[in-house]
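> model the structure of this input:
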Amino acid sequence: MKKIEARRLDMAESPYRDLEFLESQEGRTLRILSEYVWPMARLEKLKVESTILFLGSAKASPASSDSILHRYYWEAEELAYRITKWGMNIKPRGRRYVVCTGGGPGIMEAANRGATRAGGKSIGMNISLPQPQLPNPYITPELNFTFHYFFMRKFWLMYKAKAVIAFPGGFGTLDEFFEIITLLQTGKVSRREVLLILYGKEYWDRVLNFRALVECGAITEEDVRLFSVFSSPQEAFNYLKKYLPQMH
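Residues are numbered from 1 along each chain as shown. This is a model prediction of the structure:
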């Protein structure tokens, strides 16, 4: 009887067991902290040293050949395959240049799929939304994360990345790309630490007009050199293979 009472007392006085408190406004700091510590512990346990982040549309389909995004699905799959195959032969095996995505469908699925085809692990960092975005089936199970807070998800998408590859996409892709390029422009992230690629010149030339920004004086010529543009898996892979070993 005394043991039961002691156990009840222990549970009553342990805030980390109080779900009502943890899910309250007052518990928000702990929820945010958990989304910082939890991925750190998991990535350290699995010895992931660095990642290659793939961004792109969740609407790209492997089947809808009538969509302009269709080709980019398969090109993302191929590029992720090549990166993973190469990275797996770098010692210590499988720890560097691990493919990482936002965990959803489309380009994200394609990149995880390519890594799986190469026989390597890959990371998915999903986000909980009012309309659920289910994790794609190609993510390595123990590297499958779901975040509540967008800013914590963005932090972890970027934290271990040595290269970021932005495939064609919409608002989410633009948001992530511009956040990263702002970090590079302001020096919050060193240009010697991360390679930034826009993939798909035909698409991005239609969507973004960087030349107009330069002409208006909003950015400089140097800012335009913060990223590189490629339109084939072979070109992008050759660039990464050449410059990634030079990154700090």
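> three-state assignment of Gly94?
Assigned by DSSP: H, G, I helix; E, B strand; the rest coil, the conformation of Gly94 is coil.
> gap between it and Tyr159?
19 Å (Cβ to Cβ, to the nearest Å). Where you see a C-beta, it was placed from the backbone N, CA and C, and this is true even at glycine.
> neighbour count: the two, which is higher?
Neighbour tally, Gly94 and Tyr159, criterion other Cβ atoms under 10 Å: the higher count belongs to Gly94, 19 against 15.
> for that one, which non-adjacent residue is spatially closest?
Met88 (5.5 Å; Cβ to Cβ, 6 or more residues apart in numbering).
> thought the one you found was touching Gly119?
Yes. Using Cβ atoms under 8 Å, Met88 is in contact with Gly119, at 7.0 Å.
> and these two? which has more neighbours close in?
Using other Cβ under 10 Å as the criterion, Met88 and Gly119 rank with Met88 on top: 18 against 11.
> any idea how far that one lies from Leu240?
In this view, Met88 and Leu240 are 15 Å apart by Cβ to Cβ.
> what does Pro137 give?
26 Å.
> same check, this time on Glu193
14 Å.
> and for Val214?
Taking Cβ to Cβ, one finds Val214 at 26 Å from Leu240.
> now Arg192
Arg192 is 15 Å from Leu240, where distance means Cβ to Cβ.
> mind listing the strands for this structure?
Using DSSP state E, the strands of the chain run over 51-55, 98-101, 122-127, 144-147, 161-166, 195-199, 228-230.
> lowest-pLDDT helix or strand in the protein?
helix 2-12 (a mean of 53; mean pLDDT, DSSP states H and E).
> okay, now the domains of the chain?
As recorded under automatic domain parsing, the domains making up the chain are 1-39, 46-246.
> what about the last one, how long is it end to end?
The reference is to domain 46-246. One end of domain 46-246 to the other measures 24 Å (Cα to Cα, to the nearest Å).
> offset the numbering so it begins at 49, please.
Fine by me, first position is 49 from now on; the one you just mentioned is domain 94-294.
> next one: that domain to chain centre, how far?
Mean-position distance between domain 94-294 and its chain equals 6 Å (Cα atoms, centre = their mean, to the nearest Å).
> picking up where we left off before, deepest-packed of the domains of the chain, please.
For the domains of the chain, the largest average neighbour count (mean count of other Cβ atoms under 10 Å) is found in domain 94-294, namely a mean of 18.
> which one of the domains of the chain has the lowest average pLDDT?
Of all the domains of the chain, the minimum mean pLDDT falls on domain 49-87 (a mean of 72).
> identify the residues contacting Leu182.
Residues near Leu182 by Cβ atoms under 8 Å, 6 or more residues apart in numbering: 152-153, 174.
> meant to ask about Glu125, not that
Contacts here follow Cβ under 8 Å, 6+ apart; on that basis Glu125 touches 110, 158-159, 161-162, 165.
> quick check: chain neighbours aside, which residue is closest to Gln181?
Per Cβ to Cβ, 6+ apart, closest to Gln181 is Gly152, 4.5 Å.
> ditto for Val272
Phe258 (5.3 Å).
> now that neighbour: how far from Glu227?
16 Å.
> hey, where'd the helices end up in the protein?
In the chain, the segments counted as helices under DSSP state H are 50-60, 67-70, 76-93, 117-135, 155-165, 198-207, 219-234, 249-255, 258-263, 269-272, 281-291.
> columns distance to Gln181 on top of those, output as TSV?
Converted to TSV, these look like this (distance: least, Cβ to Cβ, whole Å):
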stretch	distance to Gln181
helix 50-60	35
helix 67-70	23
helix 76-93	17
helix 117-135	17
helix 155-165	9
helix 198-207	11
helix 219-234	10
helix 249-255	22
helix 258-263	30
helix 269-272	32
helix 281-291	26
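> and of those helices, who's closest to Val146?
helix 117-135 (7.0 Å; Cβ to Cβ).
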